[in-house]
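Enquirer: Make a model of this:
(chains A and B)
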There are 2 protein chains.
Amino acid sequence: MTKFGELWTRSYRELIVEAGLKALEDAELPGESIKCLYLASMGPGMWVSQEHVGPMIAEQTGLINVPVVRVESGCASGAVALHQAFIDIASGKHDVVVVGGVEKMTDVGAKEASSIVDTMLDHEWETVFGGTLTGLYAMMARRHMHDYGTTREQMAQVAVKNHHNGSLNPLAQFGREIGADKILSAPMLADPLRMLDRAPISDGSAALVLSSKGDVEISACEMATSSLALHSREDITTMISVVRSSQRAYEAAGIRPRDIGIAELHDYCTIGEIIESEDLGFFEKGEGGKMVEEGETSLSGILPINTSGGLKSRGHPIGATGVAQAVEIYDQLMGRANGRQIESLDHGLCCSVGGSGGSAVVSTFKRR
Amino acid sequence: MTKFGELWTRSYRELIVEAGLKALEDAELPGESIKCLYLASMGPGMWVSQEHVGPMIAEQTGLINVPVVRVESGCASGAVALHQAFIDIASGKHDVVVVGGVEKMTDVGAKEASSIVDTMLDHEWETVFGGTLTGLYAMMARRHMHDYGTTREQMAQVAVKNHHNGSLNPLAQFGREIGADKILSAPMLADPLRMLDRAPISDGSAALVLSSKGDVEISACEMATSSLALHSREDITTMISVVRSSQRAYEAAGIRPRDIGIAELHDYCTIGEIIESEDLGFFEKGEGGKMVEEGETSLSGILPINTSGGLKSRGHPIGATGVAQAVEIYDQLMGRANGRQIESLDHGLCCSVGGSGGSAVVSTFKRR
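Expert: Residues are numbered from 1 along each chain as shown, chains lettered A, B, ... in the order given. Have a look, this model is predicted:
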């Protein structure tokens, strides 16, 4: 991973090259061993006027010739790249591939950035009527509060926890603690969600080397979709794409939710982490907020969630996020997460969500 | 395939749904048999303000739940979707998948359309200095004329042939013949290339069902990259990505160029078809222009190229093109290409090129 943040002096191509080279160095593999690249980037044509990024990355990393497949699935893009790389290795087509994710979001102004993020919504049924991604999450939050008694304070605790974890991650965008009082009094974005309930606009890149051997196994990687528009869903307090992809992943890996010792979830907004922690089967429906409040998802809890700092504190360069989640789980399973290391881990999980839940990817990892 | 053209009354989602349902109907398969969708679209956020198109397509086609992987590789996007679907089937992960491609390019003005197309170039080294995709092809054309004596008239004959073929394809954007005189006197775009040397701006969609069984086998599907920027290449009259991907494909399929009985090439500009016909090993380097002139690539020639009309006449809705090429080869191998049917076919080939050759995918097909 590169440092995540507002990296004014770094370009799109510099970021992905840095992450790619770090991954190769860490894997102790020469460039020639790489047979294919999977690259996630949400909307480089809109962010940096550059599409067709595959060959650019191949050239910049000295891998001209190698196939580069760019994928996009909103905020879940990075996880979809991992999904494709996983299938590739499973097919036997290639034995060593690289998965990279990158976004450079700070070259446009804040207003334009929001417009670009909102292309992930259903344009004809949500965006043109003024819908925003934060606005959709706000509706999910309100309904979750109504149905299950989840409180504003519980949501704030997600951000408090993730900022604490991020303060232990030198690559995180925000390397400092933020108290609940600050979060609860931050500017309102879409009631009940405030500025500090949401992931920032970020630049950054992450990369992984996948091979048929290695110390950590991806025991499953599954994707599912739901309706793109929130209004088409039967229940907006549940992300059915997360439910389905996780069920498939547990089955493929032969494990149950309780076997998971650590998880990186998609806290684009604080309520997202709460909903996913329920939809993944970690907690009963409606209990997610309480579990955060009771510290069960903190570094010393029964199931540490977002030890990296999550999208909230590590940052959210969209295409990089799904890959960065896997980097954290890898580091944790390898025992090299330094100040935030969780002990005695067997299984880890990543959950990435596109938009308001239209797509989701769940991956499980185990130490070999 | 849908009709390709300026489809003012049709939306992005309508087009992909029409193509998808036609493919399912033709395959005589119920929607439930589809386990994954691979979707190609070059820049829907820029064309129609909609990214995260995967879940939208899943929802619109009644396949909510199914994973949808969107890929992009410039003009080669459709072929990359085919590549991923091919790997998926090969991996054994899924037994029936759909490949779809779509673009809706006429909702923006002509000037904006050109800007969007030009995001496929190297932004930092080509576009910001005024480079355009047609301009790059013009340089390739000039050098090919200089090195091999290829003539302006030979390039025009590519368009004449493809418009003739397109006049026999009811789904083609331009269903009429165009004479060499018109092409040679069309408005200049980038010397020596004129308006009628280049593919149009198009709307349209195409889809294919892939399964481990079927009457036509994809005997190989290979991808390669080259430098994104034209100036980094040793020789601009050769697309090294096409050379490499075709060599890999021939090897994987166990065939030679001479075994191919029909091919769909990427005639974004007329010179492109000539260069590819050489780089694919069909003709000696420098002979491509002469072969067109002598009619060897016409419907009655030794190797009919672009029987569908090609990008020039069938149209070029970017994400759909690579899939539409495969649709034509399928129809030809199945003997249902009606007025443009080629007899006694064993092997067919598709070649898709991203941008000026930064990426390329070559697929070979055979009748089982």
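Enquirer: how about stretch A:88-107: buried residues?
Expert: Within stretch A:88-107, the residues that count as buried by 16 or more other CB atoms under 10 Å in any protein chain shown are A:88-91, A:93-94, A:96-106. In short, each C-beta sits where N, CA and C put it, glycine included.
Enquirer: filter these by proximity to chain B?
Expert: Contacts with chain B within the buried residues of stretch A:88-107, counted by CB under 8 Å from any CB of the partner chain: A:88, A:90-91, A:93.
Enquirer: Do a quick rundown of the helices in chain A.
Expert: Secondary structure of chain A, counting by DSSP state H: helices at A:12-26, A:44-48, A:53-60, A:77-91, A:110-117, A:133-148, A:152-166, A:180-184, A:240-253, A:270-279, A:288-293, A:310-314, A:318-333.
Enquirer: low-scoring stretches of chain A, by residue?
Expert: By pLDDT under 70, chain A has no low-scoring segment.
Enquirer: Count residues in the vicinity of the nearest residue to A:Gly358 once chain neighbours are set aside, would you?
Expert: With sequence-adjacent residues excluded and distances taken as CB to CB, 6 or more residues apart in numbering or on different chains, A:Gly358 is closest to B:Pro55, at 3.2 Å. Here the number of neighbours of B:Pro55 (other CB atoms under 10 Å in any protein chain shown) works out to 33.
Enquirer: cool, and the one 4 residues further on?
Expert: B:Glu59 sits with 22 neighbouring residues when counted by other CB under 10 Å.
Enquirer: Is it in contact with A:Ser227, as I believe?
Expert: Yes: counting by CB atoms under 8 Å, B:Glu59 touches A:Ser227, with 4.6 Å between them.
Enquirer: For the residue in the stretch 151-300 of chain A that chain B sits nearest to, list each beta-bridge partner.
Expert: Residue of the stretch 151-300 of chain A nearest chain B, by CB to the nearest CB: A:Met223 (3.7 Å). The partner list for A:Met223 in beta bridges (DSSP bridges) reads A:Val361.
Enquirer: surely it meets B:Pro67?
Expert: Yes: if you go by CB under 8 Å, A:Met223 and B:Pro67 touch, sitting 3.7 Å apart.
Enquirer: residues contacting A:Asp122?
Expert: Applying CB atoms under 8 Å, 6 or more residues apart in numbering or on different chains to A:Asp122 gives the contacts A:131, A:228-229, B:50, B:56.
Enquirer: if you set the cut-off to 6 Å instead, what comes out?
Expert: Residues counted as contacts of A:Asp122 (CB atoms under 6 Å, 6 or more residues apart in numbering or on different chains) are A:228-229.
Enquirer: Now do it against A:Ser232, distance only.
Expert: 9 Å (CB to CB, to the nearest Å).
Enquirer: how about the residues of the stretch 1-150 of chain A that lie near chain B?
Expert: Residues of the stretch 1-150 of chain A lying close to chain B (CB under 6 Å from any CB of the partner chain) are A:43, A:45-46, A:49-52, A:54-56, A:58-59, A:65, A:67-74, A:80, A:87-88, A:90-91, A:93, A:119-120, A:123.
Enquirer: what's around the residue lying closest to A:Arg13 once chain neighbours are set aside, how many residues?
Expert: Spatial nearest neighbour of A:Arg13, excluding adjacent residues (CB to CB, 6+ apart): A:Gln60 at 5.1 Å. When counting by other CB under 10 Å, one arrives at 19 neighbours for A:Gln60.
Enquirer: From B:Ile87, how far out is A:Gln60?
Expert: Note on A:Gln60: its distance to B:Ile87, by CB to CB, is 24 Å.
Enquirer: now A:Asp331
Expert: From A:Asp331 to B:Ile87 the distance is 28 Å (CB to CB).
Enquirer: next one: A:Leu171
Expert: 32 Å.
Enquirer: How about A:Ala207?
Expert: Distance of A:Ala207 to B:Ile87, given as CB to CB: 20 Å.
Enquirer: More neighbours: these two, which one.
Expert: A:Ala207 (32 against 22).
Enquirer: give me every residue that touches that one.
Expert: Residues in contact with A:Ala207 (CB under 6 Å, 6+ apart) are A:19-20, A:23, A:98, A:100.
Enquirer: Can you report how many residues lie near the residue nearest to A:Arg248 when sequence neighbours are not counted?
Expert: What sits nearest to A:Arg248 in space, not counting adjacent residues and going by CB to CB, 6+ apart, is A:Glu222, at 3.9 Å. Per other CB under 10 Å, the neighbour tally for A:Glu222 reads 23.
Enquirer: For the stretch 201-350 of chain A, what lies in contact range of chain B?
Expert: A:223-225, A:227-228, A:244.
Enquirer: Neighbour count and distance to B:Met1 for the residues you listed - can I get that in a markdown table?
Expert: Output for those, formatted as a markdown table (neighbours: other CB atoms under 10 Å in any protein chain shown; distance: CB to CB, whole Å):
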| residue | neighbour count | distance to B:Met1 |
| --- | --- | --- |
| A:Met223 | 29 | 27 |
| A:Ala224 | 26 | 28 |
| A:Thr225 | 28 | 24 |
| A:Ser227 | 22 | 26 |
| A:Leu228 | 32 | 24 |
| A:Arg244 | 22 | 31 |
